[in-house]
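Student: Can you look at this prediction? I've put the sequence above it.
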Amino acid sequence: MSGEKPLVELCKGVNGLDKVVLREVRGSTAEVYLYGGQVTSWKNDLGEELLFTSSKAIFKPPKAIRGGIPICFPQFSNHGNLEQHGFARNRIWTIDPNPAPFPTATCDKAFVDLILSPSDEDTKAWPHSYEFRLRVTLGPGGDLMLTSRIRNTNTDGKAFSFTFAYHTYFSVSDISEVRIEGLETLDYLDNLQEKERFTEQGDAITFESEVDKVYVGTPNKIAILDHEKKRTFVLRKDGLPDAVVWNPWDKKAKAIVDLGDEDYKHMLCVEAAAVEKSLTLKPGEEWKGRLELSAVPSTYYSGQLDPQRVLEC
Ligand SMILES: O=P(O)(O)OC[C@H]1O[C@@H](O)[C@H](O)[C@@H](O)[C@@H]1O
């Protein structure tokens with residue numbers, strides 16, 4: 001039909017940076033910048049923004065964009081001798097001109113394949129050759145899917161190891177009205193206590209101060225409930241055994257230059273990750289890490305979400 005916008009459109013974003021807009025027939029959209037291979041927007045069919053981007057985000061290399069879904073590779077946080085969260089989020093990715101066809105029959109799903117190619121500078125810091133292909137897909141119901149395929153293409157016979165996270169910033173109405181279902185009773189490494197290992201108590205996680213925890217051996221379905229919005233984010237993952245939960249709270253928020261002082265109230269990071277145990281690939285081997293996000297209306301009974309109803313769906 002004339003005037004209809006394309007399902008996949010390459011255009012200019014903030015500061016003229018290239019970005020790809022994905023559209024779905026019922027109105028959902030997603031945007032991914034070639035800078036960082038970073039999703040910065042995911043809207044539902046009502047045009048509501050579901051991801052958080054800082055009011056002071058700097059869309060200018062080499063500073064990473066604060067918000068959306070930064071890709072942490074080949075190192076999560078300071079788990080190694082590279083820069084914080086590795087270099088993938090600080091590089092310009094390219095669009096794969098002829099992506100492999102979708103495994104399932106697709107009625108023109110909106111997707112784009114991005115490629116991170118090793119630079120000489122990065123190879124000095126991390127002396128391995130690899131192929132990293134990221135597929136961002138907006139599904140027919142407005143679900144957002146990210147699939148990373150990382151292959152070891154070393155010709156020297158050497159294996160390599162890496163840690164990884166989809167550093168997802170969820171937009172929430174009020175952090176003190178948010179709870180996470182699915183991480184109860186699990187062990188976690190507390191980044192605020194020298195990564196010491198603790199066990200989470202038995203009920204849903206709520207927030208009243210800074211949190212920076214790596215939950216280990218987590219289920220592949222986690223629910224984030226926004227009470228005020230009556231909205232539940234369902235996070236599904238594959239190939240990523242851990243989940244990082246981070247909110248800087250007020251003091252640290254003030255110390256982060258590209259985060260508004262009050263922004264911490266409207267964001268929560270729940271990051272599908274491989275942190276506790278690094279992933280190792282022999283030459284020729286490929287790792288696949290999948291993240292699937294959906295936003296569903298929360299069903300409430302007397303103020304409580306029935307966790308089974310959400311986690312079974
Ligand atoms: O400011 P950055 O590099 O994006 O990192 C933000 C946060 O990312 C989180 O994943 C880490 O657990 C925190 O320790 C870190 O502060």
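Tutor: Great, that's in hand. Numbers count the residues shown, from 1 in each chain.
Student: So in terms of bridging, what pairs with Glu131?
Tutor: Assessed by DSSP bridges, Glu131 has beta-bridge partners Arg151.
Student: who's in contact with it?
Tutor: Ile115, Arg149, Ile150, Arg151, Thr153 (Cβ atoms under 8 Å, 6 or more residues apart in numbering). All C-beta spots, glycine's among them, are computed from the backbone N, C-alpha and C.
Student: Those, buried ones only, as a PyMOL selection?
Tutor: Filtering the contacts of Glu131 down to the buried ones (16 or more other Cβ atoms under 10 Å) takes a single PyMOL command:
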select buried, resi 115+149+150+151
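Student: how about CSV for the contacts of Glu131, with distance to Ser176 added?
Tutor: What follows is the contacts of Glu131, written out as CSV (distance: Cβ to Cβ, whole Å):
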residue, distance to Ser176
Ile115, 41
Arg149, 39
Ile150, 37
Arg151, 43
Thr153, 47
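Student: which one of the contacts of Glu131 is nearest the ligand?
Tutor: Sorting the contacts of Glu131 by distance to the ligand puts Ile150 at the head of the list, at 19.2 Å, by Cβ to the nearest ligand atom.
Student: Contact partners for that closest one?
Tutor: Per Cβ under 8 Å, 6+ apart, neighbours of Ile150: Phe73, Tyr130, Glu131, Phe132, Phe162, Phe164, Leu281, Glu286, Trp287, Gly289.
Student: Might you enumerate the residues of the stretch 101-250 of the chain proximal to the ligand?
Tutor: His167, Asn191, Asp212, Val244, Trp246 (Cβ under 6 Å from any ligand atom).
Student: hang on, the earlier thing: next, format the contacts of Glu131 as JSON lines and append distance to Gln38 and pLDDT.
Tutor: JSON lines is the format used below for those (distance: Cβ to Cβ, whole Å; pLDDT from 0 to 100):
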{"residue": "Ile115", "distance to Gln38": "14", "pLDDT": "98"}
{"residue": "Arg149", "distance to Gln38": "17", "pLDDT": "98"}
{"residue": "Ile150", "distance to Gln38": "17", "pLDDT": "98"}
{"residue": "Arg151", "distance to Gln38": "21", "pLDDT": "98"}
{"residue": "Thr153", "distance to Gln38": "24", "pLDDT": "97"}
